[in-house]
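Novice: Okay, here's the prediction I keep looking at, along with the sequence it came from:
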Amino acid sequence: AGAAADPLRSLPSLAEKHLVLLRDGRTLIGFLRSIDQFANLVLHQTVERIHVGAKYGDIPRGIFVVRGENVVLLGEIDLEKESDTPLQQVSIEEILEQQRLEQQAKHESERLKVQALKERGLAVPRADTLDEY
């Protein structure tokens with residue numbers, strides 16, 4: 001008679017650094033300390049990584065609790081390959097300014113699109129009303 005398979009063996013290692021992509025588009029990187037059957041997570045020494053073009057910045061967040069319904073992707077980071085990235089790390093202030101400029105350009109582009117459609121007699125539902133269904 002063989003021993004029962006260890007159910008924890010299939011869980012991610014709690015000693016490794018993990019990347020979590022959230023439903024709202026944010027990216028968290030930290031040490032996974034707990035996970036349950038609903039994918040609720042507890043991350044330790046967490047940073048929120050913001051990407052803009054070929055640059056990124058990390059904002060320290062500490063201990064982070066994530067509800068499983070917000071997890072899109074959870075993956076272990078290979079620490080040996082972590083530094084092999086073509087991306088350039090910049091200060092928090094610089095990445096936040098880059099993010100603000102990118103969002104501003106996106107909003108302006110969307111405004112021009114809506115204006116052009118209105119001029120052609122087409123109505124476009126606002127994006128924030130689509131979540132009500």
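Specialist: The structure has been received and is ready for your questions.
Novice: now residue 17, nearest residue through space, not along the chain?
Specialist: When the adjacent residues along the chain are set aside, residue 17 lies closest to residue 77, with 4.5 Å between them (C-beta to C-beta, 6 or more residues apart in numbering). To be clear about C-beta, it is placed using only N, CA and C from the backbone, and glycine gets the same treatment.
Novice: and the one you found, what does it touch?
Specialist: Shown in contact with residue 77 (C-beta atoms under 8 Å, 6 or more residues apart in numbering): 16, 17, 18, 19, 29.
Novice: Using TSV, please lay out the residues you listed together with secondary structure, distance to residue 41 and pLDDT.
Specialist: Shown next, in TSV, are these (DSSP: H, G, I helix; E, B strand; the rest coil; distance: C-beta to C-beta, whole Å; pLDDT from 0 to 100):
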residue	secondary structure	distance to residue 41	pLDDT
16	coil	13	83
17	strand	13	91
18	strand	8	95
19	strand	11	95
29	strand	12	95
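Novice: Turn those residues into JSON lines, including neighbour count.
Specialist: Formatted as JSON lines, the contacts of residue 77 follow (neighbours: other C-beta atoms under 10 Å):
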{"residue": "16", "neighbour count": "12"}
{"residue": "17", "neighbour count": "16"}
{"residue": "18", "neighbour count": "21"}
{"residue": "19", "neighbour count": "15"}
{"residue": "29", "neighbour count": "18"}
